[in-house]
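Q: following is a predicted model, sequence given first.
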Protein chains: 2
Amino acid sequence: MTNTTYGQLGDLKRRSILGAIPAKWRFQNPIPPADELRDVTGAYIQQFLTPREIQITETDAAGITEQTTSGNWTAVEVTEAFCHRAALAHQLVNCLHEVFFDAAIEDAKRLDAYFAEHKKPIGPLHGLPISLKDQFHVKGKKDDPRRATFESELVKELRNLGAVLYCKTSVPATLMTGETVNNIISYTWNPKNRLLSSGGSSGGEGALIALKGSPSGFGTDIGGSIRIPAVFNGLFGIRPSSGRMPYEGAANSIDGQNLMLSVVGPLATTARSLTLLFKTVLSQQPWYHDPLVLELPWRADIEERTRALIRKSTEGSPSLAFAIMRHDGMVQPHPPIARAVEIVEQTLKRLGHKLIEWNPPAHHVAVDLFGRVCVADGGADIAHHLGLSGEPKSLQCIVGEGIPHLSALEIAALNVEKRQYQKLYMDYWNSTAEITGTGRPVDGVICPCAPHAAVIPHKYAHVGYTAFVNVLDYTSVVFPVTHADKKVDVPQPKDDFLGEVDKTVHEQYDPEAYDGAPAGLQLVGRRLEEEKILTLADYISQEVRLQSEIS
Amino acid sequence: MTNTTYGQLGDLKRRSILGAIPAKWRFQNPIPPADELRDVTGAYIQQFLTPREIQITETDAAGITEQTTSGNWTAVEVTEAFCHRAALAHQLVNCLHEVFFDAAIEDAKRLDAYFAEHKKPIGPLHGLPISLKDQFHVKGKKDDPRRATFESELVKELRNLGAVLYCKTSVPATLMTGETVNNIISYTWNPKNRLLSSGGSSGGEGALIALKGSPSGFGTDIGGSIRIPAVFNGLFGIRPSSGRMPYEGAANSIDGQNLMLSVVGPLATTARSLTLLFKTVLSQQPWYHDPLVLELPWRADIEERTRALIRKSTEGSPSLAFAIMRHDGMVQPHPPIARAVEIVEQTLKRLGHKLIEWNPPAHHVAVDLFGRVCVADGGADIAHHLGLSGEPKSLQCIVGEGIPHLSALEIAALNVEKRQYQKLYMDYWNSTAEITGTGRPVDGVICPCAPHAAVIPHKYAHVGYTAFVNVLDYTSVVFPVTHADKKVDVPQPKDDFLGEVDKTVHEQYDPEAYDGAPAGLQLVGRRLEEEKILTLADYISQEVRLQSEIS
C-alpha cells in the first residue's frame, strides 16, 4: 500500500462499489449528462423499475412497516426492490460507499421465515430497509476494518427492531462541510438537479432517499449535516438534542470533542416516518448501552399534549404560537427560501396561529462560537486523518490551518462563553410568553436551514442557519415547502448588505441554476423537545402541502 | 488592600462573621476544648436552647414544611430558632461564611403575612430555612461582590418555593478536597467528634446540619463533596447525575471544565427531606432557566414502580437485587465501615433480597481518569485564583503542580477514554441481569463512601470510593448506618495489602480517635436514576434503623 496513492485507492474502492452491484442492475447505456437531464427522480428512474418495485419503493417507511409487519409484503421483496433502486441511484448521483445487498437479502429471508413460523413480525421495523451514513459499523461487512467483530449500537438496535441493512451512504472527507465530495465517489449530486449539491455531510443519505433508493436512513449532525441534505433533497430530517439517539460505536471526526456534540438522527420522506424511527430506537432503551444517551423514552404525554393543542386550534381556538425568523442578521436568504418562509407564514396565519417576529440574541455570536469549537484543536485531528492517505482536503471543510490549538483552560473559557449564550437565548425564548397570547413562549421558530436551495457546488458560504441550533443544542426538524422556480423567484437588486458574506451569497443567486431545487425550512424547538417538534412539523408540513394543493 | 495579607483579610472576615451574630447568641464563656468534649451535638448544644427551639430544630425538613404550610408554625419562629442554633453551631465548629439572619427574618415576616392574607402557603417549602454552600449568590447580601444584582438560579427557585435563606456555609479553598479548611474560618470540625473532619468540600453544610443549625441545605459534588460531608456527619445526601439540579449562576472552580461536571444536590437529616427538596426544585422547571439542566421533571411513575417492588418484597416475594462492594480493589475500609457494610448486608438478607458480589471493571481506571480530569489544566485555574490573594494551598487539594496542561486533542482523547470506561461499566451492570433472579440487573450497589469514618485531619488518602461515581456520572445517595465504636471496631492485623495507599490507610486506623464518628454508606444507582435511588435509600435506611433498634 505504501506505493499506492490515495487516488489509486479511491479508484479501487469506487470500482469495488460498482462491482458489488449485480450486473442485471447496471446501466447498459451511458446516462445523459447533467446539463441535458438535470432531474433523474420520478419518471426517469421509474423506467428501470417494475410497477411493483415502484409501488414498494414509493411508499414511506411508516407505510412499508404497515405492510411488512402485517405480512402483506415480504421482507425479501421489499429489500430487493430497494436494493435495485439504490443500485440505480448510485449510478445516477454517486451516493453509496458500501453495498451489501446479498447479506441484506439473507437477513430478509430470515425475517420472512420468522414471520411464517410465528405469525408475527420480529419487531416494529420488520422488513424495513434502512440506509446508514458511512459512519456506522455493520458486522460482517467484508470491507469494514472491524468486520465480523463489531457493530455500532444503533445498528444492533435497528436489527433488533427488524430493520434490514443493505448499504452505507457517502460522506465528505472530514464530515465538516455542507456538501458531499471525497476522493472515492467524487461528488454526490442532487437528484432533482444534478448540477447542484445533495448537501452534506449526510449527502449520500439525502440523495439516496430523494431517489427513493431508501425509504429512510440515519445521518449525523454537528453543524447541519442531517438537516442540510434533508432540506436540499425535499425530505424530512431531525437534528435531535444530544443524548437521545445512540452514537456509541460509530466513527466520528474529532472523537471526544465535547464542547458541542455531533448527534445521530433519521432522514425520511415523511414526518411520520421520522417519528416511527425515533420512537422505535428509543424503545430499545439505548441509555443502557450508550453512556451518552439520556434515560428519556418516547414521551407520549408530550406528543398527546401537542396534538391536543393542534386539535384545539382546528376547532377554532388557536393555541399555538410560532416565531418567524426571515433572516439571521448575517445573511439574507435567496428568493426561493424567502418565498418558502412566506408560504409557511401565510399557512400558519390562515390557521389562526399567533405569529411573532424572532429577534434573538445576535446569531453572529453563535456562528463565531461554532467556528471556534470546530477548530479548537487547530485542525490537528483532521490533519492527522488526512495524513494517513496523504490526500488533500477536498472542500472548504473546517480544518483550521494555522489556527492555534487551544489549551484546557481556553476550552473551559470557550465552554463558559457558549453556556452564557445558551442562557441568553433561553431567557429570550422565555420572554416571548409575554407576547404570544397563549400564556406560553413560542412553540417553535420557523426559519431557513440555509440561505439557498440545494447549493451550487463550492458555493456554501454561510452555515449559520444550521450551526446556531448545534451551539444551542436545540431540536430542529426540517421539512419540504416548495421548489425554486426561475419564473417566480427572480433576483432582487440590492445594495444594502448585512455584511460581506451577505453580498457574496446574494451575488451567487442564479435563478436558472437553482430552478427546480427543493426549498424547505426548519422548525426549531428548545432542547430535548423532539416529541413536540416532530408532532408540530408533521402538522405544519401537511397544512403547507394542503395549501399548495388548493392554490 | 495591596498591603493587606490574606491572613489579615481572613481575620477581618472571620470577625465579621462573628459580628453578624447577635450578641445574645454569642457564648459568654469559652467552650471546652475538643479533647475534653468531643461531641457537641445533642445535650451539649441543647442547653443553650429553649424547649420550643429544640422541638423546631430537631424536626426534619419534611416535618417542618408540614407545620409551616399548614400554618401550625410561623415562618418567623422557625427561622429564628434555626438562626439561633446556626449561630451556636458556628461558634462550636466554624461552619459559616455568611450570616444574614436579619434578611431571613424579614423574609419570614413576609411569608407569614402572605399566609395570614391568603390562608395558604406561598409554596411547598413555605417557611423552611435552607442553608447554602458558599458557592451560591444571594441577592442583597452585603458581602457578596454581586450584591443586590444577582442571584443564583437555585436560590431564585428556593425563594419561589417559599424557603428562607439565612446563611452560607464553609468550603475549603479550591473546593477540591474532602476536608474543609481555609484561611478564613480555618478548620470546620465534626460536631460528633471535634477531633475529626466534617468532610468536604460541602463541609460547612455537613457540620451545620449535624448540629441541627439547618434542617437541610445544598452542596455540590465533583468528587464526593456532597456525599463525604453527609456521611461523615451521619446525614443523607444525594449526588445526582449531571443535568438535574440547576448550577446556573453559582461560583465554581475551573468553571467550564466539562469532562466531568460538578453537580448540585441537597443534604438533610432524612431521606424523605432529600426527596422533598429534589422534587420541589424540579417543580420549578429549572430546564427553562439553566442550559445544562435536562427537561426531566420528578418521575412519579418511577418512584411508584420502585415502591411497588418494595411492597412486593415485604409481602414475601422479594423483587429487588443489590450488589455489595466490600472494597474497591484499591483500599480496604477501616473496621467501622466494613461493619457498616455487614449491617446493611444482613438487613437486606433478612428482608430476603437477592445479593450479589460486585466485581466491576477495575476502579483504579476510574480513579486515574478522575485525577487526570481534575488536573487537565495543569492546575492553572486554581493557581490563578490562589494567586489573587497570595495565599498558599491549604490542604492536599488537587492543584496539579508540575503537571502538564492538556491540549484540546489530549482532552478529546481523555474524554474518549472516560466514555469507554463508562461503557464497560454499563455493560457489566447489564450483565448482572443473568444472576439476580429478578429478571433485571441489580437495583443498586451498596458500598463505602470513604475507607474511614469522618477522617482524622490531613489523613484523607483515597477518594476513589466517591470519585468513581463522578467519572460514571451515576446517582448516589449516602445514608447513615452506625457509629465507630472502639470496643467493637478493633484493628485487624494485616500484612497483605492491595497497594501502598491501602497500607497507609490501614495504618491510619485509630479506634480511639474515631470512636463515636458516624459511619455511613452509599447506595449507587445508574445515571439519572434519582427517583429510584432516593426511594430505595429511604427504604433501606429505615430498615437498617429498625434492625439496630431491635438488636
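A: Right, received. Where do you want to start?

Q: name the SS class of A:Leu523, please.
A: Secondary structure, DSSP: H, G, I helix; E, B strand; the rest coil: A:Leu523 is strand.

Q: and the pLDDT for the closest residue to chain B within the stretch 101-250 of chain A?
A: Residue of the stretch 101-250 of chain A nearest chain B, by C-beta to the nearest C-beta: A:Glu248 (6.6 Å). C-betas here are computed from N, CA, C, even on glycine. Here the pLDDT value assigned to A:Glu248 is 97.

Q: can you check A:Arg110 too?
A: 98.

Q: list the contacts for it?
A: By C-beta atoms under 8 Å, 6 or more residues apart in numbering or on different chains, A:Arg110 lies in contact with nothing.

Q: again, only this time at 10 Å
A: By C-beta atoms under 10 Å, 6 or more residues apart in numbering or on different chains, A:Arg110 lies in contact with A:Ala75, A:Val76, A:Ile122, A:Val164.

Q: past the lowest-mean-pLDDT helix or strand in chain A, which element shows up next along the chain?
A: Across the helices and strands of chain A, the lowest-confidence element by mean pLDDT, DSSP states H and E is helix A:380-389, at a mean of 85. Per DSSP states H and E, the first helix or strand lying C-terminal to helix A:380-389 is helix A:408-431.

Q: which residues are contacting the helix or strand following that next one?
A: Counting by DSSP H and E, the next helix or strand C-terminal to helix A:408-431 is helix A:433-436. Defining contact as C-beta under 10 Å, 6+ apart, one finds that helix A:433-436 is touched by A:320-323, A:353-357, A:439-443, B:288.

Q: let's see that with 7 Å instead.
A: A:Ala321, A:Lys354, A:Ile356, A:Gly439, A:Arg440, A:Pro441, A:Val442 (C-beta atoms under 7 Å, 6 or more residues apart in numbering or on different chains).

Q: ok, the residue of the stretch 101-250 of chain A closest to chain B - contacts?
A: A:Ser152, A:Glu153, A:His289, A:Asp290, B:Lys423.

Q: could you dump the residues you listed to a markdown table with secondary structure, distance to B:Asp11 and neighbour count?
A: Formatted as a markdown table, the contacts of A:Glu248 follow (DSSP: H, G, I helix; E, B strand; the rest coil; distance: C-beta to C-beta, whole Å; neighbours: other C-beta atoms under 10 Å in any protein chain shown):
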| residue | secondary structure | distance to B:Asp11 | neighbour count |
| --- | --- | --- | --- |
| A:Ser152 | coil | 61 | 24 |
| A:Glu153 | helix | 58 | 23 |
| A:His289 | coil | 56 | 19 |
| A:Asp290 | coil | 53 | 25 |
| B:Lys423 | helix | 51 | 18 |
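
Q: what is the nearest of those to B:Gln492?
A: Closest approach to B:Gln492 among the contacts of A:Glu248 (C-beta to C-beta): B:Lys423, at 37.0 Å.

Q: the closest one and B:Ser152: what is the separation?
A: The spacing between B:Lys423 and B:Ser152, counted by C-beta to C-beta, to the nearest Å, is 34 Å.

Q: specify the beta-bridge partners of the nearest residue to A:Leu158 once chain neighbours are set aside.
A: Residue nearest to A:Leu158 in three dimensions, not counting chain neighbours: A:Ile130, with 5.8 Å by C-beta to C-beta, 6 or more residues apart in numbering or on different chains. Judged by DSSP bridges, the bridge partners of A:Ile130 are A:Leu165.

Q: quick one: pLDDT of A:Ile130?
A: So, for A:Ile130, pLDDT stands at 98.

Q: again with A:Phe150
A: 85.

Q: next, count neighbours for it.
A: 13 (other C-beta atoms under 10 Å in any protein chain shown).

Q: who's in contact with it?
A: Neighbour list for A:Phe150: A:His137, A:Lys139, A:Gly249 [criterion: C-beta under 7 Å, 6+ apart].

Q: one more: A:Asp107?
A: A:Val164.

Q: make sure it is indeed in a strand.
A: No: counting by three-state DSSP, A:Asp107 is located in no strand; its state is helix.

Q: just the helices in the stretch 51-200 of chain A please.
A: Ranges of helices in the stretch 51-200 of chain A, per DSSP state H, counting those that start in this stretch, are A:51-57, A:61-69, A:75-93, A:101-118, A:153-161.

Q: pick the most deeply packed of those.
A: helix A:75-93 (a mean of 25; mean count of other C-beta atoms under 10 Å in any protein chain shown).

Q: and it, what other elements does it pack with?
A: For helix A:75-93, the contact count by 3 or more C-beta pairs under 7 Å, 6 or more residues apart in numbering or on different chains; DSSP states H and E identifies helix A:51-57, helix A:61-69, helix A:101-118, strand A:129-133, strand A:164-169, helix A:203-210 as packing neighbours.

Q: right, and the helix or strand after the last one?
A: On the C-terminal side of helix A:203-210, the nearest following helix or strand under DSSP H and E is strand A:216-221.

Q: so what touches the next helix or strand after that following strand?
A: Per DSSP H and E, the first helix or strand lying C-terminal to strand A:216-221 is helix A:227-232. Outside helix A:227-232, the residues that touch it by C-beta under 7 Å, 6+ apart are A:178, A:190, A:197-200, A:202-203, A:205-206, A:219, A:221, A:236-237, A:239, A:267, A:449-450, A:454, A:466, A:476, A:478, A:518, A:520, A:522.

Q: give me the buried entries from the residues you listed.
A: Among the contacts of helix A:227-232, those classed as buried by 16 or more other C-beta atoms under 10 Å in any protein chain shown are A:178, A:190, A:197-200, A:202-203, A:205-206, A:219, A:221, A:236-237, A:239, A:267, A:449-450, A:454, A:466, A:476, A:478, A:518, A:520, A:522.

Q: tell me which of those fall in strands.
A: Counted as lying in strands by DSSP state E, out of the buried ones among the contacts of helix A:227-232, are A:190, A:197, A:219, A:221, A:236-237, A:239, A:267, A:476, A:478, A:518, A:520, A:522.
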